[in-house]
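*Asks:* Fold the following and give me the result.
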Amino acid sequence: MNRNLSSLFSLMLLVIFSSACGGDDPTPQPPQKTPEELAIEALTGTGTQSWSIAGGGSVTRSGNTVTDLYQNFELILNSGSSRTYTSRNNNDLFDNSGNWSFAGTNFDKFTLTGNKPAAGREISFTQTGNNLRLEFNIPAPGARVFGVQAVAGSYVFNLVKD
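*Replies:* Residues are numbered from 1 along each chain as shown. Okay, the predicted model is just below:
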């Protein structure tokens with residue numbers, strides 16, 4: 001009987017230690033996203049995101065409302081390897097298309113390629129829910145479109161996710 005009891009005790013210990021040694025976590029934690037990945041997601045969603053004035057957006061230049069000049073404005077940002085953008089109804093402030101990239105390592109500003117007044121400017125952004133706020137400044141030198149329309153000023157675009 002002692003021998004049977006000893007075997008039973010050994011078997012119980014083996015079962016206890018086997019279950020205590022674990023194995024795979026039944027609910028593994030997803031890998032943490034980097035600040036850059038989070039910023040890309042804020043701008044482009046899961047790949048391509050369209051932002052527009054329609055649906056409650058607005059535009060100010062140096063504190064004055066100019067939404068009427070951009071009432072059908074749309075900015076489409078793509079997170080692909082080349083990070084492209086398209087703008088529509090931009091009133092010659094933005095190029096129709098090009099590339100975008102982050103300005104610096106804080107990932108709270110980006111720049112757009114092109115030749116229009118907004119190109120090459122650091123554009124600060126804040127994304128909250130379905131809203132994207134863009135802020136940038138165009139200095140007076142070279143701030144005319146086709147030599148006629150003055151576009152110098154501090155801009156705030158409040159865009160809505162399409």
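
*Asks:* so where's this protein uncertain?
*Replies:* The chain contains residues with pLDDT under 70 at 1-25, 141-149.

*Asks:* in it, which spans are helices?
*Replies:* The residue ranges that make up the helices of the chain, judged by DSSP state H, are 2-20, 35-44.

*Asks:* Show me which positions of the shortest one end up buried.
*Replies:* Judged by neighbour count (16 or more other C-beta atoms under 10 Å), helix 35-44 contains these buried residues: 39-40, 42-44. (Each C-beta comes from the backbone N, C-alpha and C, glycine too.)

*Asks:* For beta bridges, what are the partners of the residue nearest to residue 96 when sequence neighbours are not counted?
*Replies:* When the adjacent residues along the chain are set aside, residue 96 lies closest to residue 87, with 6.1 Å between them (C-beta to C-beta, 6 or more residues apart in numbering). Under the criterion DSSP bridges, residue 87 forms beta bridges with residue 75.

*Asks:* And residue 70, how close does it get to residue 126?
*Replies:* Going from residue 70 to residue 126 by C-beta to C-beta, to the nearest Å gives 19 Å.

*Asks:* Kindly report the same for residue 96.
*Replies:* Computed with C-beta to C-beta, the distance linking residue 96 and residue 126 is 25 Å.
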